[in-house]
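In: Let's see this in three dimensions:
(one chain, ligands or ions: 1)
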Amino acid sequence: MSGLQGKVALVTGGSRGMGAAIARRLAADGADVALTYARSPEKATSVAADIQKIGRRALAIQADNRDAAAIEAAVAKTVEELGRLDILVNNAGIFSVAPIEDVTLEAYDEMMAINTRAVFVAIKAVVPHLPEGGRIITISSNLAEQVPFAGVSLYAASKAALTGLTKGVARDLGPKRITVNLVQPGSTDTDMNPADSDHADAQRERMAIQSYSTPQDVAGLVAWLASEEARFVTGATLVIDSGANI
Ligand code: NDP
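Out: Coordinates of the predicted model:
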């Protein structure tokens, strides 16, 4: 018994990378899991199938973070098909690099829509369903705190906004004993930031422990926040970045 038996989780961006690892880990800990994706139906279906193989229920739902109605529909479908909703993990996100001179208003709107607005939309949609003891966990970035290289103003802004949102919602939902927390990963080996890319050594040089995290490392932290042990951790920011920002 790992502690999430009888609970239902919704993980956004669960088709690949950290989201897939989080979905698998929450299922291994006992939860039934719905996961969303934008463009990878086969990968999302494969994660859901793996979860079903370990005896949990799973749903893969197409819901682009740009589309508020699609996110709301994903929440509704999760509750309808899995019967309840205890844990929301806002994981889906995009990354881009450009100097401020080249950043367009369209790029700003897209980054904010996917990384920030969708988190607000998902939180609003789940709150009516979350029971006492519910969990909202959002994957931010250590770039929300420090920006050690050029070209990431948009991304850093999209993630920094999540800090205020998380703390505010933690206050609002505290009376219901719902916890609301941020995880700030640093360099994590996924399609977004492969550990063997041309930019990887520069990232490793900043770290106290000079190694990328794996998606499973981040999933472990998310699973702990979802667990009963973390019931008094709220409004918090948990950093997992190999000591890059210290
Ligand atoms: P990946 O690019 O490997 O995976 C991204 C996931 O998000 C995929 O499941 C993808 O779905 C989904 N996604 C992307 N765009 C959308 C969209 N418009 N609507 C719905 N889902 C979407 O990224 P990571 O796993 O690396 O990143 C996960 C989170 O961690 C992100 O929020 C990222 O900003 C954050 N992060 C990552 C770090 C890293 O070093 N990797 C460091 C710090 C934070 P699909 O397969 O359909 O495209």
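In: Tell me, how many residues neighbour the nearest residue to residue 117 once chain neighbours are set aside?
Out: The shortest distance from residue 117 to any non-neighbouring residue, by Cβ to Cβ, 6 or more residues apart in numbering, is to residue 68 (7.5 Å). C-beta coordinates here come from the backbone N, C-alpha and C atoms, glycine included. For residue 68, the count of nearby residues is 18 (other Cβ atoms under 10 Å).
In: Surely residue 68 is in contact with residue 121?
Out: Yes. When contacts are counted by Cβ atoms under 8 Å, residue 68 is listed as touching residue 121 (4.6 Å).
In: Tally up the residues packed near residue 129, please.
Out: 17.
In: in the protein, which spans are helices?
Out: Counting by DSSP state H, residue ranges of the helices within the chain are 17-28, 41-53, 68-82, 105-112, 118-126, 153-173, 200-205, 215-226.
In: Would you tell me which of the ones you listed gets closest to residue 145?
Out: Nearest of the helices of the chain to residue 145, taken as Cβ to Cβ: helix 153-173 at 7.9 Å.
In: and the residue of the chain most remote from its centre, how far is that from residue 150?
Out: Residue distances from the centre of the chain (Cα atoms, centre = their mean) peak at residue 101, which lies 29.4 Å from the mean C-alpha position. Distance of residue 101 to residue 150, given as Cβ to Cβ, to the nearest Å: 11 Å.
In: Please report the number of neighbouring residues for the spatially closest residue to residue 136 that is not a sequence neighbour.
Out: Residue nearest to residue 136 in three dimensions, not counting chain neighbours: residue 180, with 4.4 Å by Cβ to Cβ, 6+ apart. Residue 180 has 26 neighbours, counted by other Cβ under 10 Å.
In: What of residue 143?
Out: Residue 143: 24 neighbours (other Cβ under 10 Å).
In: same deal with residue 178?
Out: Residues near residue 178, counting by other Cβ under 10 Å: 22.
In: Correct me if wrong: it contacts residue 132.
Out: Yes. Contact criterion Cβ under 8 Å: residue 178 and residue 132 qualify, at 7.3 Å.
In: Can you tell me what sits against stretch 215-233?
Out: By Cβ atoms under 8 Å, 6 or more residues apart in numbering, the residues outside stretch 215-233 that reach it are 3-4, 7, 9, 17-18, 20-22, 24-26, 29, 31, 87, 89, 133, 135, 137, 139, 177, 179, 181, 183, 185, 188-190, 238, 240.
In: Show the overlap between those and what lies near the ligand.
Out: Of the residues in the contacts of stretch 215-233, proximity to the ligand by Cβ under 6 Å from any ligand atom holds for 17-18, 139, 185, 188, 190.
In: and those residues as CSV, adding pLDDT?
Out: Listed next are those as CSV, based on pLDDT from 0 to 100:
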residue, pLDDT
17, 98
18, 98
139, 99
185, 98
188, 98
190, 98
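In: Now do the residue farthest from the centre of the chain against the ligand, distance only.
Out: Distance check for residue 101 against the ligand: by Cβ to the nearest ligand atom, to the nearest Å, it reads 23 Å.
In: what sits against that residue?
Out: By Cβ under 8 Å, 6+ apart, the contact set of residue 101 is empty.
In: closest to the ligand among the ones next to the ligand among the contacts of stretch 215-233?
Out: Among these, residue 17 lies closest to the ligand (Cβ to the nearest ligand atom), at 2.2 Å.
In: ok, and the closest non-adjacent residue to the closest one?
Out: Nearest to residue 17 is residue 190, by Cβ to Cβ, 6+ apart, at 3.5 Å.
In: what's the burial count for the one you found?
Out: Residue 190 - counted by other Cβ under 10 Å - has 20 other residues nearby.
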